[in-house]
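K.L.:
Task: produce atomic coordinates for the following.
(2 chains)
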Amino acid sequence: MTGLRTAARRARTAAWLGWQVEGNWADPVLFAIYVLARPLATALILAAMYGAVRSHGAPPEVFAGFFVTNAFHAYVNMVLVGMGWAVFDEREQYETLKYVYASPVGMFTYLAGRSVVKYALATISVIATLLVGWFALGVRWDWAHVQWLPLLAATAAGLASTLFLGLLLAGWSLVLTRTAMVVLEGTTLGSYLLCGVIFPIDLLPEPLRWVSLALPFTWWYEALRRFLTGHGTLGLMQRFPDREVLLWVGVTTIAFALLARWGYFAFERQARRLGRLDQTTLF
Amino acid sequence: MSQALGTIAPGAAPAVPRGPRNRGVRLFVQTLLARPYVRVVGSLREPTWMISDALFPNLGMCAFVLLYRALKAPASYEALALIGGVLTTYWINVLWGMGAQLYWEKQQGQLQLYFAAPCSRLAILTGMALGGLVATVLRSLVGVAIGIWVFHIQVAPFSPWVLAGVFVLTMVALYALGMTLSSLFLLYGREAWHTANALQEPVYFLSGLYFPIRTLGTLGMVAAGILPLTLGTDALRQVLLGASAHGLLPLGLECLALGGFAVLFLWLASVSMRYLESLSKREGRLTQRWQ
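P.N.:
Okay, the predicted model is just below:
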């Protein structure tokens, strides 16, 4: 019990530090603009694209599904990839990673604490995007069709999988030097393409479709479309009933949780062995 | 001075009056060529960056092309998104390779060397732009290849000379904006990084990189009056797609405006560089790191 309390205190301290790192360079208004500029701009791009081709018969419910999943993809961008960036910044930018290791906090707890701020920022981004969609862009759905229980279960699993994969990516960033930048940027863009955030995965080449089906986010996004907007994706995903979609969200999340736990510590051991924890490259 | 030193150290080799070998235009041109050399050679030494710069902007473009496919849009919209996607490579380079470059130099402790050098700062900036442009042209060909071989995008018949002319005008205007941004970012620390980060997607939106800028109505007109990328994208689409580009203004007018942008931003870059250099020296920010 004392151990748990200590871990919680350390995570809280890490979260506070994370907030200072993320937000102390600007006043709150400027910071809010900064946090919201990117996701809102992407949402507006999608809306403008749909606006340009609406007259060609694109169904609004299909677009609403993509708009919603694009909003929720902020968790992947901010939490999953952001944890890798936290490692990279601590080592290369501020040169403080070695001090984190020298402190009693522990890197795993420290990263978990840092993720709290990222979750908070991503949540603000999701809410703002959905509000802009609802009130300004007319992206709406029927609340009567919302299936709350499966929606909450799938969202909990999706959020957990961003944390697990974030830890795995942070571990990998410990081993990589400046190549970490490429990997992190690649993960941001690759996940947008591979998880079928704004299009059905049927449009991907077959080998990529299999990779897509192995990712928890693909299933989470499908669950969001079905249980929140009431319309799933057409094509391949139609073969899976709601129950199976939920099952796959759970299975892939558990699989990635186990992989992340094992992978993070394996990467950390390797980073220590290779002397990468304080290696700066003047990227 | 050299004679005095000669007196102090008898037996040393006769002193030769020393000074910069080249001055004026010759020095400007040498700097102009030296800076891109560093940039091109540097990028060749880091193959992973070459892959990321060539491939990553195109991944986003692929997603947007597939969205048009999912929405059952006419094929011309896919071409439209492809052209915009290829141009994102240039905007990313302008933002990170030009705008934030002096911030990187500051972080690496090299910025003071630039200011101690006897050459013109504008020559350094122009060289940076030239190097970035050459490297980015090669990378953007990856996007073109994806368009042709993966998405089978087709364009209307066009004149290569007109295309080259519009492209050069767009690039001069765009990189002149990059030069202005880099002098503005000179003053800042972490804010430079965050500003560059925050400007990326909003400019994609305001430039209509993935949709006809006409869709934005008045906002599109305003954006075209501020951002050379908006006009450049629209002009290049008009050359390559003809009427399917849903152009904002007549092509000739857009070219004239792009020329105006180029002159304006080059002048702004020179003025702001001088002013901000003196300001950052006064405030002691030129060598400030980790702020």
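K.L.:
So for stretch B:115-126, mean pLDDT?
P.N.:
For stretch B:115-126, mean pLDDT rounds to 82.
K.L.:
Helices of chain B, start to end?
P.N.:
Shown for chain B, the helices assigned by DSSP state H span residues B:2-8, B:24-44, B:47-70, B:75-92, B:101-107, B:111-116, B:121-145, B:160-185, B:190-206, B:218-226, B:228-241, B:251-282.
K.L.:
Provide the backbone phi and psi angles at residue A:270.
P.N.:
Main-chain dihedrals, residue A:270, degrees, to the nearest 10: phi -70, psi -40.
K.L.:
State the distance from it to chain B.
P.N.:
Residue A:270 sits 19 Å away from chain B, going by C-beta to the nearest C-beta, to the nearest Å. Backbone N, C-alpha and C define where each C-beta goes, glycine included.
K.L.:
So that residue sits against residue A:172, correct?
P.N.:
No. Using C-beta atoms under 8 Å, residue A:270 makes no contact with residue A:172, being 9.7 Å away.
K.L.:
circling back to that earlier point, for the helices of chain B, which one sits closest to residue A:41?
P.N.:
Minimum separation from residue A:41 across the helices of chain B (C-beta to C-beta) falls at helix B:190-206, 3.7 Å.
K.L.:
Please spell out which residues along that closest one are buried.
P.N.:
B:190-196, B:198-206 (16 or more other C-beta atoms under 10 Å in any protein chain shown).
K.L.:
Likewise for stretch B:268-282?
P.N.:
B:268-270, B:272-273, B:276-277, B:280.
K.L.:
Over to stretch B:233-252?
P.N.:
The neighbour-count check on stretch B:233-252 (16+ other C-beta under 10 Å) flags B:233-241, B:244-249, B:251 as buried.
K.L.:
if you average pLDDT over that stretch, what comes out?
P.N.:
The model assigns stretch B:233-252 a mean pLDDT of 93.
K.L.:
what do you get for stretch A:193-213?
P.N.:
pLDDT averaged over stretch A:193-213 gives 93.
K.L.:
Which residues does that stretch contact?
P.N.:
A:46, A:66, A:69-70, A:73, A:76, A:191-192, A:215, A:217-218, A:221-222, A:233-237, A:248, B:59-60, B:62-64, B:66-67, B:69-70 (C-beta atoms under 8 Å, 6 or more residues apart in numbering or on different chains).
K.L.:
returning to that earlier point: show me which of the buried residues of stretch B:268-282 is closest to chain A.
P.N.:
residue B:280 (17.4 Å; C-beta to the nearest C-beta).
K.L.:
The closest one is in contact with residue B:183, isn't it?
P.N.:
No. Assessed by C-beta under 8 Å, residue B:280 is found out of contact with residue B:183, at 9.8 Å.
K.L.:
shared neighbours of these two, which are they?
P.N.:
By C-beta under 8 Å, 6+ apart, no residue touches both residue B:280 and residue B:183.
K.L.:
tell me the contacts of the nearest residue in space to residue A:45 that is not next to it in sequence?
P.N.:
Nearest residue to residue A:45, sequence neighbours excluded (C-beta to C-beta, 6 or more residues apart in numbering or on different chains): residue B:205, at 5.0 Å. Contacts for residue B:205 (C-beta under 8 Å, 6+ apart) come out as A:41-42, A:44-45, A:48.
K.L.:
Residue A:31 contacts residue A:23, doesn't it?
P.N.:
Yes. Assessed by C-beta under 8 Å, residue A:31 is found in contact with residue A:23 at 5.2 Å.
K.L.:
quick one: contacts for the closest residue to residue B:126 other than its chain neighbours?
P.N.:
Excluding the flanking residues, the one nearest residue B:126 by C-beta to C-beta, 6+ apart is residue B:32, at 5.5 Å. By C-beta under 8 Å, 6+ apart, the residues touching residue B:32 are B:123, B:126-127, B:130.
K.L.:
Going by distance to residue A:96, which of the residues you listed wins?
P.N.:
Checking the contacts of residue B:32 one by one against residue A:96 (C-beta to C-beta), the nearest turns out to be residue B:127, at 34.4 Å.
K.L.:
what residues are up against the closest one?
P.N.:
B:31-36, B:39.
K.L.:
For ChimeraX, write a command that selects the buried ones of those.
P.N.:
Those of those that count as buried under 16+ other C-beta under 10 Å are selected in ChimeraX with:
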select /B:31,32,34,35,36,39
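K.L.:
Would you reformat the contacts of residue B:127 as JSON lines and include distance to residue B:77?
P.N.:
Formatted as JSON lines, those follow (distance: C-beta to C-beta, whole Å):
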{"residue": "B:31", "distance to residue B:77": "44"}
{"residue": "B:32", "distance to residue B:77": "40"}
{"residue": "B:33", "distance to residue B:77": "42"}
{"residue": "B:34", "distance to residue B:77": "44"}
{"residue": "B:35", "distance to residue B:77": "39"}
{"residue": "B:36", "distance to residue B:77": "36"}
{"residue": "B:39", "distance to residue B:77": "35"}
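K.L.:
can you put the contacts of residue B:127 in TSV and add pLDDT?
P.N.:
Output for those, formatted as TSV (pLDDT from 0 to 100):
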residue	pLDDT
B:31	87
B:32	84
B:33	87
B:34	87
B:35	83
B:36	83
B:39	75
